[in-house]
Structures are given as C-alpha cells and as structure tokens.
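Engineer: Curious how this folds, go ahead:
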Amino acid sequence: MSEAAFATAIDDRYFEDYVPGSVFRFGPIAVEEAEVIDFARRFDPQDMHIDPAKAAAGPFGGLIASGWHTIGLMMRLFVDHYLSHVASLASPGVDEVRWLKPARPGDSLSLRLTILEARASASKPDRGIVHTLVEGINQRGETVASFKAMNFLGRRPA
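Structural biologist: Here you go, the predicted model:
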C-alpha cells in the first residue's frame with residue numbers, strides 16, 4: 001500500500017474517514033536522553049534505561065528507552081495526528097505489543113499506520129470500531145515497536 005493523506009482535518013474526522021487499507025505516516029518525535037532516564041526512573045528502573053555507564057557495558061551497548069516509553073512516544077503521535085479529536089470515544093485495548101529494536105537517545109521516531117479494518121457497530125449505530133496496525137519507525141527505517149490498536153469512533157452526524 002502507498003501512503004495516503006486524510007481528506008478531512010483531525011477536528012472534523014469521523015469513523016467514515018478511516019478507510020481500510022489506507023496507510024499514513026506521521027512524525028517525527030525525538031527520543032531524548034533526559035526523558036528516557038526520567039521515565040525509566042519512575043516506571044522501569046533497569047540499568048539499561050537509567051545508567052549510561054552500566055548500559056554501555058550491557059547487551060545493548062548503550063542506553064535504550066524503556067519499551068513502555070517508546071509506546072508512549074508513539075501514542076503521542078497517534079493522538080496528535082491520527083485519532084479524531086471530535087469522534088474518538090474510547091479504546092477496548094491494544095493487541096500484539098512488540099518491541100523489535102531498541103529506541104535510543106538521539107533517535108527520531110515516526111509512525112506508520114495501516115488501517116486493517118473499520119466496522120460499523122450493529123448494536124450502536126452512532127459508532128464504529130477501527131483496527132489499526134501502529135508501527136514506530138526510527139530514522140534508519142527500522143521498526144522499533146508495533147501494536148494493533150482498536151478505537152471506537154463516532155459516525156459523522158447526519
């Protein structure tokens with residue numbers, strides 16, 4: 001699939017605008033060393049995330065972002081550029097979270113989003129559910145993390 005652009009702005013985007021097979025790219029967002037360390041100190045205090053000297057001697061040869069921090073950076077791009085600001089209702093969850101390569105301080109991450117399915121609700125006709133493959137890609141074109149998102153979105157008002 002080739003990359004597309006939404007025909008509608010994010011503040012006028014509804015369920016009908018999420019077309020299966022469409023591919024979008026947004027970003028970049030920087031992976032900053034201070035944020036990597038601050039996040040890890042609070043939520044994932046492992047040496048590979050908080051101690052540059054110990055990380056350099058470890059299996060990754062340097063400091064790496066917590067996978068949860070990486071997903072958080074991806075989520076920021078997802079909300080800022082993809083998820084409707086007027087029709088997003090909630091998410092029942094995500095599937096298949098994968099950390100494929102480490103994200104490192106100095107990296108620049110972008111999102112590649114592929115709409116896998118968009119299905120109108122049979123029981124609640126004012127909404128639908130969109131399934132999206134979300135991939136975080138670094139400046140070298142490597143996929144560092146991915147997950148499959150599910151989002152309830154309101155349908156365009158009549």
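Engineer: So which residue is dead centre in the protein?
Structural biologist: Among the residues of the chain, the one closest to the centroid is M74, at 3.3 Å (CA atoms, centre = their mean).
Engineer: And that one, how far from R156?
Structural biologist: Using CB to CB, to the nearest Å, M74 is found at 27 Å from R156. Yep, even glycine has a C-beta here, placed from its N, CA and C like the rest.
Engineer: Surely I137 is in contact with D107?
Structural biologist: No: in this structure, I137 is not within contact of D107 by CB atoms under 8 Å, at 10.0 Å.
Engineer: Are there residues contacting both of those two? Which ones?
Structural biologist: When CB atoms under 8 Å, 6 or more residues apart in numbering defines a contact, the residues bordering I137 and D107 alike are V144.
Engineer: More neighbours: which of these two?
Structural biologist: Taking neighbours as other CB atoms under 10 Å, I137 and D107 compare with D107 leading, 24 against 21.
Engineer: so who does the nearest residue in space to the more buried one that is not next to it in sequence touch?
Structural biologist: Counting by CB to CB, 6 or more residues apart in numbering, D107 lies nearest to V31, which is 4.2 Å off, once chain neighbours are set aside. The contact partners of V31, taken as CB under 8 Å, 6+ apart, are A65, T70, L73, A103, R104, P105, G106, D107, S108, L109.
Engineer: Residues in contact with the longest helix along the chain: which ones?
Structural biologist: Taking DSSP state H as the criterion, the chain has its longest helix at helix 67-81. Here helix 67-81 makes contact (CB under 8 Å, 6+ apart) with 10, 24, 26-27, 29, 31, 35-36, 39-40, 43-44, 49, 65, 97, 99, 103, 109-111, 113, 134, 136, 144-145, 147, 149.
Engineer: Which of those fall in helices?
Structural biologist: In this view, those that belong to helices under DSSP H are E35, V36, F39, A40, F43, H49.
Engineer: Report how many residues lie close to the closest residue to I64 other than its chain neighbours.
Structural biologist: What sits nearest to I64 in space, not counting adjacent residues and going by CB to CB, 6+ apart, is P102, at 3.7 Å. Using other CB under 10 Å, P102 has 23 neighbouring residues.
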